[in-house]
Each structure stands twice: as C-alpha cells, then as structure tokens.
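Colleague: Show me the folded form of this:
(chains A, B and C)
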Amino acid sequence: LPICSNGSVNCQVSLGELFDRAVKLSHYIHFLSSEIFNEFDEHYGQGRHFIARAVNSCHTSSLTTPEDKEQAQQIHHEALLNVILGILRSWNDPLIHLASEVQRIKEAPDTILRKAVEIEEQNKRLLEGMEKIVGQVHSGEVGNEIYSQWEGLPSLQLADEDSRLSAFYNLLHCFHRDSHKIDNYLKLLKCRLIHGSNC
Amino acid sequence: SPPEKPIIIKCRSPEKETFTCWWKPGPDGGQPTNYTLLYSKEGEEQVYECPDYRTAGPNSCYFDKKHTSFWTIYNITVKATNEMGSNISDPHYVDVTYIVQPDPPVNVTLELKKTINRKPYLVLTWSPPPLADVRSGWLTLEYELRLKPEEGEEWETIFVGQQTQYKMFSLNPGKKYIVQIHCKPDHHGSWSEWSSEKYIQIPTDFRVKD
Amino acid sequence: SPPEKPIIIKCRSPEKETFTCWWKPGPDGGQPTNYTLLYSKEGEEQVYECPDYRTAGPNSCYFDKKHTSFWTIYNITVKATNEMGSNISDPHYVDVTYIVQPDPPVNVTLELKKTINRKPYLVLTWSPPPLADVRSGWLTLEYELRLKPEEGEEWETIFVGQQTQYKMFSLNPGKKYIVQIHCKPDHHGSWSEWSSEKYIQIPTDFRVKD
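Modeller: From the prediction side, this is the model:
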C-alpha cells in the first residue's frame, strides 16, 4: 500500500503510477473501439462501402496532431498532453450520444450496445486521469483550451437508414483512429517522462 | 458513554471497477449507535459520505463504478455516534489499484493424456474469474497452482505466470491428488482465495518410461 | 496494345516509420513499358509521385520517413504506359498504422534454472528486432512463443504480451524441445516471421519432487 503516514496530507498517486494506469486504460479503450468498429462493420457494413464516405470525415481533423514519430518526439510533452486532452474532450459529447442513439438501431446486437456504454464510461475515466496527470506535470490550472466541437447528432437520427448507419460507421471509424492516437501518444509520453525514453 | 472508535478492517476491489470497505464497531456502551463512513480524495477538500451502506451487507460501504476512481487516494474514516457523543476511526488510505483481489479462477479441469510416444501426463486447464475482463490487458492475472497427494501434508506450489494451462509429467502412479488454483493481478493487489478442491486419481500404469 | 493494368499486391512497414508498396505488372504486349506510382493523402487534393522507385527493388515504391504519415489514408495507384497507351491499377487504400509487420525477434536464449526450493524451470529471453524503436514508446510490440518436442507434431503456442522473458515450468524431463518466437505491434499490423529454431535438451532429472 502506498505509505501514507497517518495525518500526512500529500499522500498521492505518483506520476509514474498515473501513467501506468492511463496507458493500461487507453490500451483497453482502443481494444474496445476495435471490437465495436469491427462488429458494426460486420453486422451493417457488408457491401455498403461505408469506408469511401468515411474518408476525411472526422470532426477532430481540425486538431493539429503529430502524424509520425519525429513530430511526436519533437513536440513538447506539455503540448502533447494538451493534444491528448483536446482529443479526449472532443469525444465526450459524441460518445454520450453514441451510447444512447445506438440503442435505437434495429436489432443492434447486445455486445455493440454494451460496448458503446462502456467506451463512454472509460473515456470519461481516462479524461479524469489525464487531468490529474496534467495537474501534476504542470502545476498551473488545467485550462479548458482546445477541443473540437461535434455537430453530428442529427446525422445519427436521420430517417434514411443507410445514411444513418453510414453516420454511425463514420463515428466509430474516427473514434477507432483517435483512440489509437491517444494510446500511442500516451505510451510515448510514459517512456519519455517516466523512463527517460528508454522503455 | 460515547461509543469507542470503530476500526476499518478491510477494503477490496474484485475487478478494479468497484470497491467495498468493511469496519468493525467498537464497544458501543449499550447505546443504539449509528455509523457514518466519510471520505475525501487526495488533493481535494470536499468530504463525501458513503454512497451505499446496503449492497455489501452490515458495517460496509460499497463504491460503485461512478464513485470509484483509481487516479486518487481515498482518505476514509468511520464515525460512531450515539446519544452520549461520537468517536472517529483512524483514517484508512485506499488506492484502488492496490486493493484488487480477484475472485478465484473457474472451470478447473484435469485430464490425463498420453504423448506421441505413449508417455502419460496430466493437463490442468482453468479460466479467469468471470468478473475480471482479462482479454485485453485491462486486468492482467497471474496464476499459481498447488497440489498434494490426498493423504499428504505438504502442498507443492507452482507459479505458472499468465498461462491458463499446465502440464504435469511427473506424478506418482496410483496416487489420488488434490489440485487448487488461485490468481492475482500482475502488479499490485493480492491473491484470490483458492479454487474449490479438484481430485484426480492417477492410474497405476501412469509410469513415466525413462 | 497498351499494357494491361498492374495490380498493387502488398504494402508493408517494418518499423512503423517507413513503408514500401509492391505491384505486379500486367501483360505488357511485348512493348517496353514504364510504371508510375501516384498517391494522394486523405483530405488533400494534391497528387504526388513515388519518392523512390529504387531502394526496395523492381516494381516497388519506398516511402521514407519524410513521406510516411500515420492515421491518414493513402490512395495509391500505379499507371503502366507504353507507346500504344496506358492503363491504371485499381486504387489501393492504405493507412500505414495497419500494415506494420516487424522483423522477427533476435538474441533468443534458453537457460535452465532452479527455483529456491530446487524446482527446475526454463527461462527464455529475447530482444525486439533491431529496426523497431520500442525504447521511445512509438512502437509497442507483443510476443508469442511456440514450442514442441523435437519429434512432436503439434506446436504449443503461448501469448506472452509485452514481456521479453518467459519462464516455462511444465516441461517433459529427458525431452529435446524446439522453441521459436514472433512479434506483432500491440494493436494493428501482422505477426513477424518466426525467429530461427532454438533447441534445448531437458535433463532427465528435470523432475518435480514427488
């Protein structure tokens, strides 16, 4: 048990432990996103070529994020933490609606429904952890700066089934990509800040 | 007299998603006594009360998913109050990751097999506890098995890491063995209880041909 | 006649930093034919030509670090041209994140050891493929090992996650085993080839105490 001598005030989870838990959680969230995306595609995507419509459709594409190893290594760790926070915040709202709107899809398998709810819960939990990490890394107040607004709710409620399913596909495709970015950036930051880039 | 201070005896999380704490009341001076569990989170002033005194039975507090955070250390106390006054337990610090104690493994099966060159061996297989979602690394479990001849005294314990199968090549022909398995999270946390006892009778012709 | 359209057969990244695509020419009607690989990136109108036709050999295009981006879809086509005209392959959509196939692990070593209470076990250790930068955390690899008795048919495969060491406890005394390991990026991409075969002779006294 972490030694918190009785009466000691600043008994807290170390930065190394926070990163360990954040990486385990981001790995798990991306694993869930792969499962729900593949399952949705198998169930609804066959022969509909949703991918062609999904290209360049992510609401977070306006966020500037590192796209290769060099960019990810050159960015300052506080900036990369803010990128992660920005992506996570941008997904708070859409994941809430995904979890509720997916219940209305005809014969949606229970596994998809459960995963949508769990992804929303775990994403919120990771956001809580990232704010804790940012709070420890730079002692300044955790600013609510960058995040990308999502206006996709109407598309999840379209009457035309094909368009509606395509909108769900886009959302799952984009979350699959962004949750992989978050997982990758976190693993990079953990190695840099906790293990001196020597994982 | 006011009740003596209660003692927080244990906090446990079965799957790193929820957790429960139990306390032991102190002598209550024969007065009807009321218990209140209060907690605060590291770095926060705010004090909260137990969200659910019932789910986990008497003298307990159950923290569901919404109230369980594993980014912070909980500072937990229990206050005993009766007409004459009240008394507060010593603070109990909880980091949920450190109190994970999974349920025992399930579906333990034992099977006698023979290798290609007719050499007999025993295959043990088991599954992780249902509650723990181990598939994706969210909760990585390690296992340890123990066995002993039925009338034997001493258990032999074998750590098998993350495997959920184990092959035993050197068992005594004609003996009846008892086998049990338990599990633990790979980093922090504690061993589960042992699984229920499984018996296997080794046939007399179970000779390992040298 | 104009050449028939080529087919893009494979794109692969060995270390999640660069990638290469290969194509198979179609029948070229006996005419000297020239191949041009063109690509555009998601969200951009601009079309680029292959930066390097030579490094990866004939009928290939090598994208170095500067030309390799992740989490974005490349739309790639190959045009075959001769005097009579030209023909373009079907478009091949690639997100480099999903085409990572590492080289096999290296420095595979096997060592027999004994626990404190004299119990023998086998320790396998290995290193990630040299090209893969796992130190920075940009690429995270997972490993799987397989082993079988030399004359046995069936491999036993064990997934070991991100560890680069594994302890085997249940081995057949007196047997000679073959061991191989391969690796894969932690989420997407494909398994490497198996490492070269390693042999280990388990001594006959590799017996668990009766």
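Colleague: Determine the set of other helices and strands touching the lowest-mean-pLDDT helix or strand in chain A.
Modeller: Within chain A, no helix or strand scores below helix A:50-54, which has a mean of 83 by mean pLDDT, DSSP states H and E. Contact partners of helix A:50-54 among helices and strands, from 3 or more CB pairs under 8 Å, 6 or more residues apart in numbering or on different chains; DSSP states H and E: helix A:161-195. C-beta: built from backbone N, CA, C; applies to glycine.
Colleague: and the helix it packs on, does that touch chain C?
Modeller: Yes: using CB under 8 Å from any CB of the partner chain, helix A:161-195 reaches chain C at A:177, A:180-181, A:183-184, A:187-192.
Colleague: Pick the one among those residues closest to A:Gln46.
Modeller: Within the residues of helix A:161-195 next to chain C, the smallest distance to A:Gln46 is 21.2 Å, found for A:Arg177 (CB to CB).
Colleague: list the contacts for the closest residue to the closest one other than its chain neighbours?
Modeller: Residue nearest to A:Arg177 in three dimensions, not counting chain neighbours: C:Trp71, with 5.3 Å by CB to CB, 6 or more residues apart in numbering or on different chains. Contact analysis of C:Trp71 by CB atoms under 8 Å, 6 or more residues apart in numbering or on different chains lists A:65, A:67, A:177, A:180-181, C:95, C:97.
Colleague: Look at C:Trp71 and report its pLDDT.
Modeller: With respect to pLDDT, C:Trp71 scores 95.
Colleague: Check B:Lys176 too.
Modeller: pLDDT at B:Lys176 comes out at 90.
Colleague: okay, now the closest residue to it other than its chain neighbours: neighbour count?
Modeller: Spatial nearest neighbour of B:Lys176, chain neighbours left out: B:Glu150 (4.4 Å); criterion: CB to CB, 6+ apart. Neighbours of B:Glu150 under the rule other CB atoms under 10 Å in any protein chain shown: 12.
Colleague: how near is the closest residue to B:Thr140 other than its chain neighbours to C:Gln180?
Modeller: What sits nearest to B:Thr140 in space, not counting adjacent residues and going by CB to CB, 6+ apart, is B:Asp186, at 4.2 Å. Noted for B:Asp186: a distance of 25 Å to C:Gln180, by CB to CB, to the nearest Å.
Colleague: out of those two, which sits in the more crowded spot?
Modeller: In this view B:Asp186 and C:Gln180 are compared by other CB under 10 Å, and C:Gln180 has more residues nearby, 20 against 16.
Colleague: Could you look up the SS state of the residue nearest to that one when sequence neighbours are not counted?
Modeller: Nearest non-adjacent residue to C:Gln180, counting by CB to CB, 6+ apart: C:Trp194, 4.1 Å away. Here C:Trp194 is recorded as coil under DSSP: H, G, I helix; E, B strand; the rest coil.
Colleague: repeat for A:Val83
Modeller: helix.
Colleague: do the same with the one 3 residues further on
Modeller: The local conformation at A:Gly86, judged by three-state DSSP, is helix.
Colleague: count of residues packed around the nearest residue to it once chain neighbours are set aside?
Modeller: Nearest non-adjacent residue to A:Gly86, counting by CB to CB, 6+ apart: A:Ile146, 4.1 Å away. By other CB under 10 Å, 15 other residues sit near A:Ile146.
Colleague: Which pLDDT does the model give the closest residue to B:Asp64 other than its chain neighbours?
Modeller: Leaving out its chain neighbours, the residue that sits closest to B:Asp64 by CB to CB, 6+ apart is B:Thr18, at 5.4 Å. pLDDT, B:Thr18: 93.
Colleague: residue contacts, B:Thr18?
Modeller: B:62-65, B:68.
Colleague: Point to the residue nearest the middle of chain A.
Modeller: Chain A has A:Ser179 as the residue nearest its centroid, 4.1 Å off, counting by CA atoms, centre = their mean.
Colleague: pretty sure that one is touching A:His27, no?
Modeller: No: taking CB atoms under 8 Å as the definition, A:Ser179 is not a contact partner of A:His27, at 9.7 Å.
Colleague: what's the neighbour count on the closest residue to A:Cys174 other than its chain neighbours?
Modeller: Leaving aside its sequence neighbours, A:Cys174 sits nearest to A:Cys58 (CB to CB, 6+ apart; 3.7 Å). The tally of other residues near A:Cys58 (other CB under 10 Å) stands at 22.
Colleague: Tell me if I'm right that A:Cys58 and A:Arg177 touch.
Modeller: Yes: taking contacts as CB under 8 Å, A:Cys58 lies within contact range of A:Arg177: 6.7 Å.
Colleague: Number of residues surrounding A:Cys199?
Modeller: Close neighbours of A:Cys199, defined as other CB under 10 Å, add up to 18.
Colleague: ok, it - contacts?
Modeller: A:187, A:190-191, C:134-137.
Colleague: Of those, which is the most crowded?
Modeller: Ranked by neighbours (other CB under 10 Å), these are led by C:Gly137, which has 25 neighbours.
Colleague: ok, now which ones touch that one?
Modeller: Counting by CB under 8 Å, 6+ apart, C:Gly137 has contacts A:187-192, A:197, A:199.
Colleague: Also A:Asn170?
Modeller: A:50, A:53-54, A:57-58, A:152.
Colleague: Weed out the non-buried ones from those residues.
Modeller: For these, a burial check counting by 16 or more other CB atoms under 10 Å in any protein chain shown picks out A:50, A:54, A:57-58, A:152.
Colleague: what's the closest of the residues you listed to A:Ile112?
Modeller: For these, the nearest to A:Ile112 is A:Phe50 (15.1 Å; CB to CB).
Colleague: Once you drop chain neighbours, what's closest to that closest one?
Modeller: A:Tyr169 (4.0 Å).
Colleague: so that neighbour makes contact with A:Ala54?
Modeller: Yes: contact between A:Tyr169 and A:Ala54 holds when scored by CB under 8 Å: they sit 6.0 Å apart.
Colleague: Where does pLDDT dip in chain B?
Modeller: B:116-117, B:133-137, B:206-210 (pLDDT under 70).
Colleague: send the alpha carbons of whichever helix or strand B:Ile178 is part of over as CSV?
Modeller: Assessed by DSSP states H and E, B:Ile178 sits inside strand B:176-185. This file holds the C-alpha atoms of strand B:176-185, laid out as CSV (Å, rounded to 0.1, in the frame of the first residue of the first chain):
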residue,chain,number,x,y,z
LYS,B,176,-5.0,-39.6,-5.7
TYR,B,177,-4.1,-35.9,-5.9
ILE,B,178,-5.9,-32.7,-4.8
VAL,B,179,-5.4,-29.6,-7.0
GLN,B,180,-6.3,-26.0,-6.4
ILE,B,181,-5.5,-22.7,-8.3
HIS,B,182,-5.6,-19.1,-7.3
CYS,B,183,-4.8,-15.8,-9.1
LYS,B,184,-3.6,-12.3,-8.6
PRO,B,185,-3.2,-9.1,-10.7
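Colleague: Within its sheet, name the partner strands of that strand and how each one runs.
Modeller: According to DSSP bridges, strand B:176-185 forms sheet pairs with strand B:141-149 (antiparallel), strand B:198-201 (antiparallel).
Colleague: buried set for that strand?
Modeller: Result for strand B:176-185 [16+ other CB under 10 Å]: buried residues B:177-185.
Colleague: show me the contacts for B:Ile7.
Modeller: Neighbours of B:Ile7 in contact, by CB under 8 Å, 6+ apart: B:23-24, B:26, B:89-90.
Colleague: Any residues of chain A in contact with chain C? List them.
Modeller: So chain A meets chain C at A:27, A:30-31, A:34, A:51, A:55-56, A:61, A:65, A:67-70, A:72-73, A:177, A:180-181, A:183-184, A:187-192, A:197-199 (CB under 8 Å from any CB).
Colleague: which two from the contacts of C:Trp71 end up farthest apart in space?
Modeller: A:Thr65 and C:Asp95 (14.4 Å).
Colleague: Nearest spatial neighbour of whichever residue of chain A sits closest to chain C, chain-adjacent residues omitted?
Modeller: Closest to chain C within chain A is A:Cys191: 3.2 Å, counting by CB to the nearest CB. The spatially closest residue to A:Cys191, leaving aside those adjacent along the chain, is C:Gly137, at 3.2 Å (CB to CB, 6+ apart).
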